[in-house]
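> generate coordinates for the sequence data below:
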Amino acid sequence: MTLSARKSPVQHVHLLGIGGAAMAPVAGMLKERGFHVTGTDVNVYPPASTLLRSLGISWNEGYREENLAPAPDLAVIGNAISRGNAELERILDEKIPYCSMPQLLEDYFIPGHDSIVVAGTHGKTTTTAMTAWIFHSAGRRPDFLIGGVAPNFGDRSYGLGGGREFIIEGDEYDTAFFDKGPKFLHYHPDELILTSLEYDHADIYPDLASIALQFRRLVNLVPRRGRILIWGESRELKEVAAKAFCRVETFGLAADSDWFAGDIGWHDEATVFRVAHQGREIGRFQISMAGRHNVMDALAAIAMAHGRGIDSESIGRALASFESVRKRMEVKGGADGVLVVEDFAHHPTAIRLTLEAARTRWPGRKIWAAVEPRSNTMRRKIFQDALPESLALADAVLFGPVNRAQLIEEDERLSPEAIAASLRALGRESRAFDSADAIAAHLGTNAAPGDLVLVMSNGGFDGLTAKLLEKLQARAGVRA
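Numbering: from 1, shown residues only. This next block holds a predicted model:
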């Protein structure tokens, strides 16, 4: 029984996969709305565990039928839950009403708001966080849901301000075992930001055309009165927006963009730039992050906010105080003169942009890039030829083992050894290691004072950052 078939009032909601990056904040949203919230997951770790505990939400460790006693009024099924899961089977057997997380948002949270959706292969988390912070700082009290931890909001990724706008990150990944369409089709955008479109998610999309089809479907949901903002230097985005029924505006660093950012410079630990709309300058802005990609994200947020009536001064104040989302060029610490930084980058384009930004922010440092092939696309050979060119922007590249390598046939699996060999041919130090411990040991011996270690993974990399900092601190103690 799906949500649409539910007739009686819902009081108790149970979430399968409550520790997910989006499910944990949704649990918080339900709790703040007065629902009784329970859930189940395995190996829940920060920031999800920290958030759930701070809200007084308990969860079951491990899926068991008895976790559904008493039966909830509604079960929310995470997209990592498959048939054979003990709780899911009980839900189906007993016809307990269920829905996906995006459907819950669609039916319980988005109605009554103007839905602002931010989608794209790269940049959507930062752009969503920037947009939400601008609207919040301007007193618009937005509801929002971000796919990352936002320091500006007390390290939370959601807010229920009760204002007119609901600002949400639109994920193109599939929705649930019973709904293989992308999550973002549930969010019914009144206005839409499209940051980029490249091939990703090789486990569910066979090629770029299949992803572009879903983006075209998203574009087709925007009403005539709405607006779509697209990165104007993307041929793929221009094609998916070509048949939109609403106004389409471009943003970018090309002078012919409707929204143009120019005079970009890194000064006094901030990136400064000017923005013009259709040839008319609207202001000078600054952000604390380095890199052209962060300027692009800010430009999209500026265009959205300005178009919805927020003045340039308010936008400028918000951006100047914006703190980067966690794991986006996040400084984790340092010891013995070595700086350790984490980033979410796990796609050749994102890796290249991150390394370019690191060169800008920390000029003159030797950059060690520690890379974990962890995402469903990075674990495969799809980007094996593209990765060396992106990673060659680092001075040295250390690969961890392919995550869950046994689940991919060898002839389809990424070869860290082959990429390391390609990088050595390009004149870069590079090695493949069989564990995070081995990488930490290597860096603990070989990283020199003044070096930068950039840990790149969309997961925990088996605690590499903490292990490395421990090695460096021990080394510093010996030297002292």
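> can you tell me how far His293 is from Asp174?
Separation of His293 from Asp174 (CB to CB, to the nearest Å): 26 Å. Every residue, glycine included, has its C-beta placed from N, CA and C.
> neighbour count: the two, which is higher?
More crowded of His293 and Asp174, by other CB atoms under 10 Å: His293, with 23 against 19.
> give the contact list for that one.
Taking CB atoms under 8 Å, 6 or more residues apart in numbering, we find His293 in contact with His122, Gly123, Ala350, Leu353, Thr354, Ala357.
> may I see the buried residues of the helix or strand hosting the fourth one?
The secondary structure element spanning Leu353 is helix 348-361 (assigned by DSSP states H and E). Within helix 348-361, the residues that count as buried by 16 or more other CB atoms under 10 Å are 348-359, 361.
> what sits against the closest residue to Glu269 other than its chain neighbours?
With CB to CB, 6 or more residues apart in numbering as the criterion, Glu269 has its nearest non-adjacent residue at 6.8 Å, and that residue is Ser288. Applying CB under 8 Å, 6+ apart to Ser288 gives the contacts Glu269, Ala270, Thr271, Ala320, Phe322, Glu323, Ser324.
> show me which of those residues are buried.
Those of the contacts of Ser288 that meet the buried threshold are Thr271, Phe322, Glu323, Ser324, by 16+ other CB under 10 Å.
> do you have the strands of the stretch 1-150 of the chain handy? List them.
12-16, 36-41, 60-61, 74-77, 98-100, 114-119, 143-150 (DSSP state E, counting those that start in this stretch).
> show me what the second one is packed up against.
So the one you mean is strand 36-41. For strand 36-41, the elements it packs on are strand 12-16, helix 23-32, strand 60-61, judged by 3 or more CB pairs under 8 Å, 6 or more residues apart in numbering; DSSP states H and E.
> among these, which is nearest Ala394?
Among those, helix 23-32 comes nearest to Ala394, with 32.8 Å by CB to CB.
> packing partners of the closest one?
Using 3+ CB pairs under 8 Å, 6+ apart: helix 23-32 touches strand 12-16, strand 36-41, helix 48-54, helix 101-104, strand 143-150, strand 156-160.
> from the rest of the structure, what touches it?
Helix 23-32 is touched from outside by 13, 15, 17-18, 37, 39, 47-48, 51-52, 55-57, 76, 78, 101, 104-105, 109, 145-146, 156-158, 160, with contacts defined as CB under 8 Å, 6+ apart.
> at 6 Å instead, please
By CB atoms under 6 Å, 6 or more residues apart in numbering, the list of residues contacting helix 23-32 from outside reads 13, 15, 17-18, 37, 48, 51-52, 55, 57, 78, 101, 157-158, 160.
> quick one: which of those is nearest Ala241?
Using CB to CB, Met101 comes nearest to Ala241 of the contacts of helix 23-32, at 26.7 Å.
> contacts only, for the spatially most central residue of the chain.
Geometric centre of the chain, nearest residue: Thr125, 4.4 Å, by CA atoms, centre = their mean. Going by CB under 6 Å, 6+ apart, Thr125 touches Gly147, Gly148, Glu169, Val325.
> what's the farthest-apart pair in those residues?
Based on CB to CB, the longest span within those runs between Glu169 and Val325 and measures 10.4 Å.
> neighbour count winner among these two?
Glu169 (27 against 24).
> ok so, going back, among the helices and strands packed on strand 36-41, which comes closest to Gly460?
Comparing the helices and strands packed on strand 36-41 against Gly460 with CB to CB, the closest turns out to be helix 23-32 (15.6 Å).
> what ranges does the stretch 351-480 of the chain have for its helices?
387-391, 416-425, 436-446, 464-479 (DSSP state H, counting those that start in this stretch).
> nearest to Phe215, of the helices and strands packed on helix 23-32?
Per CB to CB, nearest to Phe215 of the helices and strands packed on helix 23-32: helix 101-104, 16.0 Å.
> list just the nearest of the contacts of Ser288 to Gly334.
Among the contacts of Ser288, Glu269 lies closest to Gly334 (CB to CB), at 16.3 Å.
> list phi and psi for that closest one.
Backbone geometry at Glu269, expressed as degrees, to the nearest 10, gives phi 60, psi 30.
> can you give me the pLDDT of it?
Confidence at Glu269, expressed as pLDDT, is 85.
> again with the one 3 residues further on
At Val272 the predicted local distance difference test score is 96.
> residues touching it, list them.
Gly265, Gln286.
> what sits opposite it in the beta ladder?
In this structure, Val272 bridges to Gly265, Gln286 when assessed by DSSP bridges.
> check Glu281 too.
According to DSSP bridges, Ala276 are recorded as the beta-bridge partners of Glu281.
> what's the neighbour count on it?
Glu281: 12 surrounding residues under other CB under 10 Å.
> how close does it sit to Val275?
Glu281 is 7 Å from Val275, by CB to CB.
> neighbours around Glu191, how many?
Neighbourhood size, Glu191 [other CB under 10 Å]: 23.
> distance of it from Val118?
Distance, Glu191 to Val118, using CB to CB: 10 Å.
> which secondary structure elements does the lowest-mean-pLDDT helix or strand in the chain contact?
In the chain, no helix or strand scores lower on mean pLDDT, DSSP states H and E than helix 464-479, which sits at a mean of 84. Here helix 464-479 touches strand 330-335, strand 338-343, helix 436-446, going by 3 or more CB pairs under 6 Å, 6 or more residues apart in numbering; DSSP states H and E.
> could you redo the last one with a cut-off of 7 Å?
Applying 3 or more CB pairs under 7 Å, 6 or more residues apart in numbering; DSSP states H and E, we find helix 464-479 packed against strand 330-335, strand 338-343, helix 436-446, strand 452-456.
> which parts of the second one are buried?
What that stands for is strand 338-343. Under the neighbour-count criterion of 16+ other CB under 10 Å, strand 338-343 has Val338, Leu339, Val340, Val341, Glu342, Asp343 buried.
> likewise for stretch 404-413?
For stretch 404-413, the neighbour count (16+ other CB under 10 Å) marks Ile408, Arg413 as buried.
> pLDDT (mean, whole number) over it?
Averaging pLDDT along stretch 404-413 yields 80.
> compute the first-to-last residue distance for it.
Length of stretch 404-413, first residue to last, CA to CA, to the nearest Å: 10 Å.
> would you format the buried residues of strand 338-343 as CSV with distance to Phe215 included?
Formatted as CSV, the buried residues of strand 338-343 follow (distance: CB to CB, whole Å):
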residue, distance to Phe215
Val338, 41
Leu339, 38
Val340, 36
Val341, 31
Glu342, 29
Asp343, 25
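> and which of those residues is nearest Asn220?
Asp343 (33.8 Å).
> ok, so what distance separates the closest one from Lys180?
Distance from Asp343 to Lys180, counting by CB to CB: 30 Å.
> got it, and Leu393?
In terms of CB to CB, Leu393 sits 36 Å off from Lys180.
> which of the helices and strands packed on helix 23-32 sits closest to Met304?
Proximity to Met304 (CB to CB) singles out strand 143-150 among the helices and strands packed on helix 23-32, at 12.4 Å.
> run through who's touching the closest one.
With CB atoms under 7 Å, 6 or more residues apart in numbering as the test, strand 143-150 has contacts from 21-22, 25, 47, 109, 113, 125, 128-129, 132, 155-163, 166-169, 171, 325-327.
> how far does it sit from its chain's centre?
9 Å (CA atoms, centre = their mean, to the nearest Å).
> got the buried residues for that strand?
Using 16+ other CB under 10 Å as the test for burial, strand 143-150 gives Asp143, Phe144, Leu145, Ile146, Gly147, Gly148, Val149, Ala150.
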